[in-house]
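Enquirer: below is the structure, and that's it, no one-letter string:
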Ligand SMILES: NC(=O)c1ccc[n+]([C@@H]2O[C@H](COP(=O)([O-])OP(=O)(O)OC[C@H]3O[C@@H](n4cnc5c(N)ncnc54)[C@H](O)[C@@H]3O)[C@@H](O)[C@H]2O)c1
């Protein structure tokens, strides 16, 4: 229950999905959690739920695309809690990608810019201002969220795969650059996670069946990712940095769901 005792965490996108679970699980392990989101009402609900079960949390408004907004978030969290030890960065608009991302030939320029701005620039700004604060204390754990789509091909979402691929590449260079100052950076690449905005797939029986067959141990829950983030945030992971960690129920571990032992006579 005390793996994150005395630590302060900023969780972006904390109003929903993976980051909501991460906020709750970090608080359960003793962290004070700044639940940061564009959706302030949602962030307030999550912080309220955490406090109602005995944890420490405050909601904060942030737009991760906006440099001043991110700087203000870090300043406000330091004012409120005294420091920042952990960043779990998730903020993303799943509907922007699901409804507007396309194969490159049909991808409108403005959608490309919106996705890169939110996913890649948002990660740059958030990591930059949190790490600047962490430099003063010579310690910290930054956990970013990419996707398996940045590691293996996924047709039809060229903006998202490119931007998240940038997050994967940045993880390694940032980890190398910040390790002399005691700051660790790791990125989780989830497979399909059953979050509110993915319900559109899960409520369609044919899609659901396809997704389930691709995930060897079942479709992931937000908590499956949240538990990994707790580990990476904790001192148990003190020598883990620059890692790209798939958390995908075996999705990237095999080429096809076909079981060759049933095809060939052995
Ligand atoms: N759900 C999946 O299947 C899945 C798979 C792989 C990777 N991911 C990644 O995990 C992360 C979380 O995904 P999720 O499904 O939990 O998302 P979600 O939609 O449930 O939550 C995302 C949150 O980010 C907030 N947000 C959007 N734009 C913002 C902005 N500009 N500034 C601040 N907050 C903003 C939203 O309000 C929302 O609360 C994302 O980075 C996503 O790319 C998700």
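Expert: Right, received. Where do you want to start? Quick caveat, the model's predicted, so the values are computed rather than measured. Residues are numbered from 1 along each chain as shown.
Enquirer: what number of residues are in the vicinity of the residue in the stretch 1-150 of the chain that the ligand sits nearest to?
Expert: In the stretch 1-150 of the chain, the residue that lies nearest the ligand is residue 17 (2.2 Å; CB to the nearest ligand atom). In this view, the C-beta of every residue, glycine as well, is placed from N, C-alpha and C. Around residue 17 there are 22 other residues, counting by other CB atoms under 10 Å.
Enquirer: and the nearest residue to it once chain neighbours are set aside, how close does it get to residue 71?
Expert: Nearest non-adjacent residue to residue 17, counting by CB to CB, 6 or more residues apart in numbering: residue 195, 3.4 Å away. Using CB to CB, to the nearest Å, residue 195 is found at 28 Å from residue 71.
Enquirer: the two: which has the busier surroundings?
Expert: Higher neighbour count among residue 195 and residue 71: residue 195, with 21 against 15, using other CB under 10 Å.
Enquirer: now do the residue nearest to residue 225 when sequence neighbours are not counted, the pLDDT please.
Expert: Leaving aside its sequence neighbours, residue 225 sits nearest to residue 18 (CB to CB, 6+ apart; 4.7 Å). As predicted, residue 18 sits at a pLDDT of 98.
Enquirer: ok, residue 18 - contacts?
Expert: Counting by CB atoms under 8 Å, 6 or more residues apart in numbering, residue 18 touches 90, 145, 190, 193, 195, 222, 225, 226.
Enquirer: now, which of those residues lie within strands?
Expert: When the contacts of residue 18 are checked against strands (DSSP state E), the matches are 145, 190.
Enquirer: need the longest helix for the protein.
Expert: The longest helix of the chain (DSSP state H) is helix 158-178.
Enquirer: is that helix up against the ligand anywhere?
Expert: No. Judged by CB under 6 Å from any ligand atom, helix 158-178 and the ligand are separated, with a smallest distance of 6.7 Å.
Enquirer: just the buried positions in that helix, please.
Expert: Of all the residues in helix 158-178, those buried under the rule 16 or more other CB atoms under 10 Å are 158-168, 170-171, 174-175, 178.
Enquirer: closest to residue 236 among the residues you listed?
Expert: Set against residue 236, the nearest of the buried residues of helix 158-178 by CB to CB is residue 175 (17.6 Å).
Enquirer: returning to that earlier point: ok, the residue of the stretch 1-150 of the chain closest to the ligand - contacts?
Expert: Each residue near residue 17 by CB under 8 Å, 6+ apart is listed here: 90, 94, 193, 195, 196, 197, 222.
Enquirer: quick one: it from residue 2, how far?
Expert: 26 Å.
Enquirer: next one: residue 58
Expert: Computed with CB to CB, the distance linking residue 58 and residue 2 is 20 Å.
Enquirer: more neighbours, these two?
Expert: Neighbours per residue (other CB under 10 Å) separate residue 58 from residue 2, with residue 58 holding more: 18 against 10.
Enquirer: any idea where the strands of the protein begin and end?
Expert: With DSSP E as the criterion, the chain has strands at 8-12, 32-37, 56-61, 86-89, 140-145, 183-190, 244-247.
Enquirer: the second one: partners in the sheet, and parallel or antiparallel?
Expert: Applying DSSP bridges to the sheet, strand 32-37 is found paired with strand 8-12 (parallel), strand 56-61 (parallel).
Enquirer: turn those strands into TSV, columns for mean pLDDT and distance to residue 212.
Expert: Listed next are the strands paired with strand 32-37 as TSV, based on pLDDT from 0 to 100; distance: least, CB to CB, whole Å:
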stretch	mean pLDDT	distance to residue 212
strand 8-12	99	28
strand 56-61	98	33
